[in-house]
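Participant: got a predicted model here, sequence first, then my questions.
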Amino acid sequence: MKGRLAQLTALLALLAAAVALRAENWPQWRGPNRDGVSAESNLPAQWDMKKNMAWVTPMPGMGSSTPAVWGDRIFLTSEDGTDLVLLCLDTAGKQLWKTKLGSGKKRFMKGEANLASSSPCTDGKHVYAFIGTGDFVCCDFKGNIVWKFNAQERYGKFKIIHGVHVTPVLDGDRLYLSLLHSGAWLVLALDKSTGQEVWKVRRETDATDECEQAYASPILWRNGKDEYLVVLGCDYATAHSLKDGAEIWRLGDLNPKKNYNSMFRIIATPAASADLIVVPSARDGPVIGVKPGAKGTIKTGSPFEQWRLAGKGPGRLSKTPDVPPPLLHNGLVYLVRQYYPENGALICVDAKTGKELYYKSIHAARYRASPVYADGKIYLTARDGMITVVKAGPKFEVLATNQMPDQITASPAISGGRIYVRGFKDLYAISEGGK
């Protein structure tokens, strides 16, 4: 009997280890590969507060940041009264520690965002958080501050209408950050172990008015051989060498001078796969598929453009998202259109040709969160808490709609068989069977 019990215990331990190995970390805003794609499976399409809800944990205040998940640790930023804090919870929803990052209480865009909108990131040993006050902090997994500096003190006061919400990119031993506002146009590489500057480049622009301010985060492009950083904002997209920040290519004609829109502030972050970079714009502007081997200046009709979807015009509906970044998966590009008057539309185009496969209404609301792919499904989160689940593929099919009892501008995180959703009030853990 004891022998069988020992065998059973060993088997259960092996099964637990196998599950742990399959569980995928979500170490930063757009997931393990920075593309909004998860390899997790057995995720629910439908849930409510009783069905498939593992737990709900109250937050100390508002936040719009996506949780970073590593193993059994969940990290997120939040308001806490007038403090801005980094929280660590375990995967049972219990708070383990809270570290103050800075102070301040501001709202932007009619209460849609605050100073805790940038998402934290982690390498499994440390967690890095940047907040709207300019405080950039590295903590260990016990919540102790390893290093800290203020970007406004180091790089100049932020001059931007709707606040700084950019999320840094963690890669290897570096953190990459773009600061594009009326006080500075900078692209930075920082040493993650010290917070010290590795390189800094001034990103020139002839943008004026509100267009000289941008809210998009940088992304990395790689194909296994070559690599660079892509930065979008201030009327251009640019690619920068990871070695020294030197500009490799510059994409223009996003906001043409002959018909200049002085309110063309760019919010949506680009998306990339090994063979394509998708550049959104703003306010009925174009969406461009850029060939990764591009060099120099790129304009409409350039051979370095894979395709260009024109902005709104006679007989056309604009396809550019205003806030959510594009999602690339399995040869398709998904664009969440939330700018007036087509609030709540999902557009799917062929990644190779740019051909529109469908343009369908989903839910009449504003969309701030990033679309996420997992388990053959695309999760689309509206500000009013409605999460629409659509079947991935070239044909439009709604699998479920889930109304959350919260406002949501954070993007979902997926790890360990769960979907983590950060609302203004609570953090929700959703899983098949509520496990």
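Facilitator: Nice, thanks for sending it over.

Participant: for stretch 68-85, give the mean pLDDT please.
Facilitator: The predicted model gives stretch 68-85 an average pLDDT of 97.

Participant: which parts of it are buried?
Facilitator: For stretch 68-85, burial by neighbour count (16 or more other C-beta atoms under 10 Å) applies to 68-70, 73-80, 83-85. No exception for glycine: its C-beta is placed from N, CA and C like everyone else's.

Participant: got it, and stretch 209-221?
Facilitator: For stretch 209-221, by 16+ other C-beta under 10 Å, it's Glu210, Cys211, Glu212, Gln213, Ala214, Tyr215, Ala216, Ser217, Pro218, Ile219, Leu220, Trp221.

Participant: list the residues that contact the fourth one.
Facilitator: What it means is Gln213. Lys159, Ile160, Ile161, His162, Leu180, His181, Ser182, Gly233, Cys234, Arg265 (C-beta atoms under 8 Å, 6 or more residues apart in numbering).

Participant: which residues are in contact with the fifth one?
Facilitator: What it means is Leu180. Here Leu180 is in contact with Leu186, Arg203, Glu212, Gln213, Ala214, Val231, Gly233, Cys234 (criterion: C-beta under 8 Å, 6+ apart).

Participant: the residue nearest to the fifth one when sequence neighbours are not counted: neighbour count?
Facilitator: So that's Ala214. Nearest residue to Ala214 in three dimensions, chain neighbours excluded: Gly233, at 2.4 Å (C-beta to C-beta, 6 or more residues apart in numbering). Gly233: 30 surrounding residues under other C-beta atoms under 10 Å.

Participant: check Ile161 too.
Facilitator: 13.

Participant: okay, and it sits in which element?
Facilitator: Using DSSP states H and E, Ile161 sits within no helix or strand.

Participant: number the chain from 53, please
Facilitator: I'll keep to 53 as the first residue from here, and by that count the last item is Ile213.

Participant: nearest residue to Arg317 in space, please, no chain neighbours.
Facilitator: Glu262 (4.8 Å).

Participant: what's near enough to touch that neighbour?
Facilitator: Applying C-beta under 8 Å, 6+ apart, the residues near Glu262 are Ile213, Ser314, Met315, Phe316, Arg317.

Participant: out of the residues you listed, which end up buried?
Facilitator: Using 16+ other C-beta under 10 Å, the buried members of the contacts of Glu262 are Phe316, Arg317.

Participant: phi, psi of Ile213?
Facilitator: As for Ile213, its main-chain torsions (degrees, to the nearest 10) stand at phi -60, psi -50.

Participant: dump the residue contacts of it.
Facilitator: By C-beta under 8 Å, 6+ apart, the neighbours of Ile213 are Glu262, Gln265, Arg317.

Participant: CA atoms only for stretch 140-160 - export them in PDB, please.
Facilitator: Coordinates of each C-alpha in stretch 140-160 appear next as PDB, following Å, rounded to 0.1, in the frame of the first residue of the first chain:
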ATOM      1  CA  CYS A 140       3.300  41.600  -6.400                       C
ATOM      2  CA  LEU A 141       0.600  39.000  -6.100                       C
ATOM      3  CA  ASP A 142       0.900  35.200  -6.100                       C
ATOM      4  CA  THR A 143      -1.200  33.200  -8.600                       C
ATOM      5  CA  ALA A 144      -3.800  32.600  -5.800                       C
ATOM      6  CA  GLY A 145      -4.500  36.300  -5.900                       C
ATOM      7  CA  LYS A 146      -2.800  37.100  -2.500                       C
ATOM      8  CA  GLN A 147      -0.700  40.300  -2.300                       C
ATOM      9  CA  LEU A 148       2.900  39.500  -1.400                       C
ATOM     10  CA  TRP A 149       4.300  43.000  -1.300                       C
ATOM     11  CA  LYS A 150       3.900  46.600  -2.400                       C
ATOM     12  CA  THR A 151       6.600  49.000  -3.300                       C
ATOM     13  CA  LYS A 152       6.100  52.800  -3.700                       C
ATOM     14  CA  LEU A 153       7.500  54.000  -7.100                       C
ATOM     15  CA  GLY A 154       6.400  57.700  -6.900                       C
ATOM     16  CA  SER A 155       3.600  60.000  -6.100                       C
ATOM     17  CA  GLY A 156       0.800  61.600  -8.100                       C
ATOM     18  CA  LYS A 157      -2.800  61.400  -9.100                       C
ATOM     19  CA  LYS A 158      -3.800  62.500 -12.500                       C
ATOM     20  CA  ARG A 159      -6.400  61.400 -15.100                       C
ATOM     21  CA  PHE A 160      -6.100  61.600 -18.800                       C
END
